[in-house]
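> Give me a model of this one.
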Amino acid sequence: MEITREQAAYIAKLAKLSFDGEELDKIALEMQGIIGWAKEINALDTSGVKAMEHVLPMQNVLRPDSEPVPFPREELLKNAPEQMDGCFAVPKVIE
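You can find the predicted model right below:
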């Protein structure tokens with residue numbers, strides 16, 4: 001696929017870049033090369049290749065779950081400046 005100078009200018013405008021005439025021709029050629037590489041990659045037979053999530057082997061490094069330590073409600077509410085119906089009372093923040 002050939003990238004024209006007008007297409008390269010349009011893509012540059014979308015990217016909010018500005019190029020003069022020579023640079024625009026160079027950019028169009030580079031875009032053509034990139035598309036050519038993508039076509040080469042698409043032409044490869046990858047049917048026997050296993051899909052990869054990451055280039056390095058990864059494993060879960062989380063610690064195992066443990067039982068939470070329960071706290072009595074009365075002990076927790078001792079720290080509350082105000083309480084209402086067995087819960088912390090806080091000022092209204094939405095009007």
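
> alpha carbons only for contacts and neighbour counts from here, please
Noted.

> Let me see the ranges of the strands in this protein.
Across the chain, reading from the start of the chain, the strands by DSSP state E fall at 83-84, 87-88.

> wait, which of these is closest to residue 10?
Within these, the stretch nearest residue 10 is strand 87-88; the backing value is 59.6 Å (C-alpha to C-alpha).

> Give me the contact list for the closest one.
77, 80, 82 (C-alpha atoms under 8 Å, 6 or more residues apart in numbering).

> and if you look at stretch 14-22?
9, 12.

> And it, how far out from the chain middle?
Mean C-alpha position of stretch 14-22 versus that of the full chain (C-alpha atoms, centre = their mean, to the nearest Å) differs by 27 Å.

> Keeping just the C-alphas, turn it into PDB.
Taking Å, rounded to 0.1, in the frame of the first residue of the first chain, the C-alpha atoms of stretch 14-22 are listed here in PDB:
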ATOM      1  CA  LEU A  14      -4.500  14.400  13.300                       C
ATOM      2  CA  ALA A  15      -1.400  14.000  15.500                       C
ATOM      3  CA  LYS A  16      -1.100  17.800  15.700                       C
ATOM      4  CA  LEU A  17       2.300  17.700  13.900                       C
ATOM      5  CA  SER A  18       3.500  20.000  11.200                       C
ATOM      6  CA  PHE A  19       6.100  19.100   8.600                       C
ATOM      7  CA  ASP A  20       7.500  20.900   5.600                       C
ATOM      8  CA  GLY A  21       7.600  19.400   2.100                       C
ATOM      9  CA  GLU A  22      10.800  17.300   2.400                       C
END
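
> Mean confidence (pLDDT) on it, please.
Across stretch 14-22, the average pLDDT comes to 92.

> Same check on stretch 42-49?
The average pLDDT for stretch 42-49 rounds to 89.

> and the end-to-end length of that stretch?
14 Å (C-alpha to C-alpha, to the nearest Å).

> Can you pull out the low-pLDDT segments for this structure?
Scanning the chain for pLDDT under 70 picks out nothing.

> for it, what spans make up the helices?
In the chain, the helices defined using DSSP state H lie at 5-14, 21-43, 73-77.
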